[in-house]
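Chemist: Build the 3D model from these lines:
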Amino acid sequence: RTISNQSSGKQGRALGLELLARGFDVTYAHANNIKGIPHATNKVFSNSNSLVNILNAELTDASYLYMAAAVSDFIPEFINEKMDRRKGLISVDLTPNQDILKELAKKFPDVISIGFSAQINDNLNFEKIKDKNVHFLVINNISTNKIGSDLNQIKLINQNELIVSSDRLDKNSIAKLIIDYTIE
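Modeler: Presented below is the predicted three-dimensional model:
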């Protein structure tokens with residue numbers, strides 16, 4: 001049994017496809033319920049720990065990290081036994097998850113890191129990008145951009161300024177826009 005979210009993985013997939021189309025070698029880390037990308041090196045993760053293991057192995061020889069995976073901010077405490085319904089009402093305790101992107105940016109400072117921020121407002125989040133010490137942050141307002149949609153509208157910032165604010169576009173066009181502004 002798991003607690004998960006409704007993220008479709010469409011934006012991450014669109015980024016991987018666009019990077020392949022531009023001639024990059026792509027390692028596509030994706031959840032076990034999302035299809036891989038032909039001609040990419042596909043790595044499947046089932047939880048945040050398995051994603052961390054994949055990224056730690058792959059980033060030793062990488063130039064860019066597009067961290068579009070919708071990793072939970074909180075995770076349930078693991079219980080290594082069956083819960084007995086005869087005991088009645090139970091509660092699930094959630095604990096803060098590790099900040100994967102922040103840890104990776106610290107461990108691999110030479111990798112250009114692009115984070116994604118699902119939020120319910122259009123704040124530019126300069127505090128967040130500086131706290132994580134990533135190069136770019138893609139802001140996605142999930143109150144107006146519904147999770148799982150084929151469309152998206154983003155703002156892209158670096159540590160100092162708003163770089164671009166997009167119109168509502170299909171996720172392939174958003175991927176092209178993000179890559180245009182983040183590839184050196």
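Chemist: C-alpha from now on. contacts and neighbour counts both.
Modeler: Fine.
Chemist: Now do T95 against E58, distance only.
Modeler: As judged by C-alpha to C-alpha, to the nearest Å, T95 and E58 stand 27 Å apart.
Chemist: where are the low-confidence patches of the chain?
Modeler: Applying pLDDT under 70 to the chain flags the ranges 1-6.
Chemist: returning to that earlier point: of T95 and E58, who's got more company?
Modeler: Neighbour totals were compared for T95 and E58, and E58 leads with 14 against 11 (other C-alpha atoms under 10 Å).
Chemist: which residues does the more buried one contact?
Modeler: If you count contacts by C-alpha atoms under 8 Å, 6 or more residues apart in numbering, E58 has them with T27.
Chemist: give me the element it is part of.
Modeler: Applying DSSP states H and E as the criterion places E58 in helix 48-58.
Chemist: Now do the buried residues in the longest strand seen in the chain.
Modeler: Of all the segments of type strand in the chain, defined by DSSP state E, the longest one is strand 112-119. For strand 112-119, the neighbour count (16 or more other C-alpha atoms under 10 Å) marks I112, S113, I114, G115, F116, S117, A118 as buried.
Chemist: surely the third one meets V134?
Modeler: Yes: between I114 and V134 there is a contact at 6.4 Å, judged by C-alpha atoms under 8 Å.
Chemist: Return every residue with contacts to both of the two.
Modeler: Taking C-alpha under 8 Å, 6+ apart as the contact rule, I114 and V134 have no neighbour in common.
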